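S.K.: following is a predicted model, sequence given first.
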Number of protein chains: 2
Amino acid sequence: MFTIAEAARRAACPQSTIRYYERAGVLPPARRGDNGYRYFEADDIERLAFVNRARELGFSIASVRDLLRLADHPQQPCEAVDTLLDEQVRSVRQRIAKLQALETRLAHLQRACDGEHPVHECGILAALSDTDAA
Amino acid sequence: MFTIAEAARRAACPQSTIRYYERAGVLPPARRGDNGYRYFEADDIERLAFVNRARELGFSIASVRDLLRLADHPQQPCEAVDTLLDEQVRSVRQRIAKLQALETRLAHLQRACDGEHPVHECGILAALSDTDAA
DNA sequence: CGTGGACCTTAAAGTTGCTTTAAAGTCAAC
DNA sequence: GTTGACTTTAAAGCAACTTTAAGGTCCACG
């Protein structure tokens, strides 16, 4: 039986996040002591750790809910898990591609100015101001 | 003199965004007709386009405000512009690196399951449940 | 017994950059 | 004069939390 402070320490995440996860429905309502304090068992901490790992992998709260539901029903086919993971991979790859395109444009801009002139000669601001610039 | 609908069309951005930018202080309060309608001149549309381009490059609203302030004071040295751009490049590269690390981990996970078994044999959920898994 | 400090609780607001909604006023044409 | 397309505002919604404020609880020390 752990207090929320202990749970937070063990899961290495803020107490406020644990409360939030409960509110958001990815953790079940915690058991309460007579004083209203939350108490956690080893099981609860494992579930919290599961959530944390899934979040680290970039899954949304909604997807984490789905993953937990699947984990709770061991007889179901795991196709749904694979699908969630595939979607997540695609989403990450898309974000990478967008950021790389951005990086290229920003790097080009960096070459437009050497930092030695006043702003009105700055190639960077010129590019931002210019309707024709990429 | 353009209505907000015209301005939105010319800048290819929603009207709600124009109003938001005004509220957020990156666009000055628009001139108003007797009826309270906003009216825009070519200048205003250019400023809006500047904002749009900077946003496309990933600059925060706060940075866009800074960039505009710099653009409005042509005699200042453009070092500040370069600094903002450098920071932006660093931030984008960092995000890319994080996403690539994520991609690697997700791709590993994908190999942990071929989608043919029930959930309780799923390597993906096992990895999420396992305290020792990456 | 009391008091100080460390713990816990909740609801609500703040964050970022918008979008959406609702309720309402305006304008032009038929 | 009324339809329909425009405009306005304030406020709420989104994601995933974090922060704040105001308030109970617990325990140990004197």
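M.R.: Received, thanks. Everything numeric in this text was worked out from a predicted model, so none of it was measured. Numbers count the residues shown, from 1 in each chain, chains lettered A, B, ... in the order given.
S.K.: contact residues of chain A facing DNA strand D?
M.R.: A:14, A:16-17, A:19-21, A:33-37, A:55, A:60-62 (C-beta under 7 Å from any atom of the strand). C-beta: built from backbone N, CA, C; applies to glycine.
S.K.: out of the residues you listed, which is nearest to residue B:124?
M.R.: residue A:55 (15.2 Å; C-beta to C-beta).
S.K.: mind listing what the closest one touches?
M.R.: By C-beta atoms under 8 Å, 6 or more residues apart in numbering or on different chains, the contact list for residue A:55 reads A:61, A:64.
S.K.: most widely separated two among the residues of chain A next to DNA strand D?
M.R.: A:34 and A:60 (36.3 Å).
S.K.: comparing those two, which residue is more hemmed in?
M.R.: More crowded of residue A:34 and residue A:60, by other C-beta atoms under 10 Å in any protein chain shown: residue A:60, with 13 against 5.
S.K.: and the more buried one, how far from residue B:63?
M.R.: 27 Å (C-beta to C-beta, to the nearest Å).
S.K.: give me the subset of the residues of chain A next to DNA strand D lying in helices.
M.R.: Taking DSSP state H, the ones among the residues of chain A next to DNA strand D that sit in helices are A:16, A:17, A:19, A:20, A:21, A:55, A:61, A:62.
S.K.: tell me how many other residues crowd the third one.
M.R.: Using other C-beta under 10 Å, the number of residues around residue A:19 comes to 15.
S.K.: which residues does residue A:122 contact?
M.R.: Contacts of residue A:122 (C-beta under 8 Å, 6+ apart): A:112, A:113, B:78, B:81.
S.K.: name the nearest residue to it, sequence neighbours excluded.
M.R.: In space, residue A:122 comes closest to residue B:78 once its chain neighbours are excluded; the distance is 3.7 Å by C-beta to C-beta, 6 or more residues apart in numbering or on different chains.
S.K.: who's in contact with that neighbour?
M.R.: Listed by C-beta under 8 Å, 6+ apart, the contact set of residue B:78 reads A:113, A:115, A:117, A:118, A:119, A:121, A:122, A:124, A:125, B:70.
S.K.: next step: these restricted to helices.
M.R.: Using DSSP H, those in helices are A:124, A:125, B:70.
S.K.: center of chain A - which residue?
M.R.: residue A:58 (4.3 Å; C-alpha atoms, centre = their mean).
S.K.: got the contact list for the helix or strand bottoming out on mean pLDDT in chain A?
M.R.: When each helix and strand of chain A is scored by mean pLDDT, DSSP states H and E, helix A:123-129 comes last, with a mean of 87. Helix A:123-129 has contacts (C-beta under 8 Å, 6+ apart) with A:109-110, A:112-113, A:119, A:133-134, B:46, B:50, B:53-54, B:57, B:67, B:70-71, B:78, B:81-82, B:85.
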